[in-house]
Every structure is written in structure tokens, then in C-alpha cells.
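**Q** need a structure here:
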Amino acid sequence: MSRIGKLPVIVPAGVKIELTEGNLLKVTGPKGTLTRKLSENMNIAQEEGQLVITRPNDLKRNKALHGLTRTLVNNMVVGVTQGFEKKLEINGTGYRAAKAGNKLTLTLGYSHPVVMEDPEGVESAVEGNNKITISGIDKEKVGQYAANIRFKRPPEPFKGKGIKYEAERIRRKAGKSGKK
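**A** Now for the predicted structure:
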């Protein structure tokens, strides 16, 4: 039995769950609505304020989908109640970020500024010149947008310049040592 898959998903008050034909799950909460088509192999049942996900048999594919399905459903419930956020830091001389409307402008040492538009359902905010906060209700979209921003100038190991996640630790390398 999957350790994660067998845990029930607690549905807090104020969250409405609709399960339609073909395992199409719609979760509505105070922050918004999320819809996702889940695998038809998984059985999803609503019991006393919680969702229980079970698998029909112990085939390898169903074992793999069991924990995944439970985690996807839990992320939907958490997203519509609390939301998700990722924080990025920009390090480097002259590197900075600016926000205008739904466009994020990054100055990252290239010959041109990098302009990124916030995807639907995701918001970005700039604190100071070098801190970016990405927030939204869909964990997948928030993480992907943060990864796309980081990809524009990943941190380099010598001086640590670039865009990194707030809690990310960069493995530093020693520079060249000159011959004497």
C-alpha cells in the first residue's frame, strides 16, 4: 500500500468538491477554482469531510498513480485555501527586476532587458530591486513560472551571480590560481 496514497485528503470548511464522470475533479475555495482530470484507474470517494483515494489492484502503474493522485488532489485543496508562493533572489552588480502591470522586466547583464509576462492565474511581485515573489493557486504553474525566471540567468558557482531560489544553496568553486 502506498504510504502517501492511503492518507485521506482533509477537506476544510468552505471548500466545495465536485467529482464528475471520468474522474474530472473540480475544487472550489475562497481563493478560486481548480479543475483537473485524474486517472480513471483511481477510485475517489468523498466521506465525512475528506477524500479517500484507492486503487483497484496492485499493478505497477496503479501503484505509481496512487500516491501521485492523492498528492495532486491535496495540492488542489491547499491551493484554493492557502495558495502557493515561491521566492527568488537576484544577485549580481547591476542585476535587478521591475514590475509594470503584468510584465516583469529583468536586467541581467545582457545587452537587452528580459521582459516576461505573468501567466494566467499567477502573479509576481518585486520587493526592492532584487527579490521576486511568485504566487498563485496552482502549484504547478507557480513552480514552472519561477523555474522559467531562474532559467534566464541561473546562479554561477564562482561569484554566485544570477537568479536563485530564496532557500537555495549555491556550491561555490575557487577561482583560477595564477602560476608563479
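**Q** hey, which helix is longest across the chain?
**A** As assigned by DSSP state H, the longest helix anywhere in the chain is helix 60-81.
**Q** ok, and what's touching that helix?
**A** Here helix 60-81 makes contact (CB atoms under 8 Å, 6 or more residues apart in numbering) with 2-5, 7, 9-12, 14-15, 17, 25, 27-34, 36, 38-39, 41-42, 44, 51, 53-56, 84, 136-140. (C-beta placed from N, C-alpha, C; glycine too.)
**Q** what's the first helix or strand after that helix?
**A** Next helix or strand after helix 60-81 toward the C-terminus (DSSP states H and E): strand 84-91.
**Q** give me the average confidence score over that next one.
**A** The average pLDDT for strand 84-91 rounds to 96.
**Q** point to the residue nearest the middle of this structure.
**A** residue 143 (2.9 Å; CA atoms, centre = their mean).
**Q** point out where the protein drops to low pLDDT.
**A** Judged by pLDDT under 70, the chain has its weakly predicted residues at 1-2, 178-180.
**Q** strands along that one, start to end?
**A** All strands of the chain, identified by DSSP state E, fall at 9-10, 16-20, 24-29, 32-37, 43-47, 50-54, 84-91, 96-100, 103-107, 114-117, 122-127, 131-136, 162-165.
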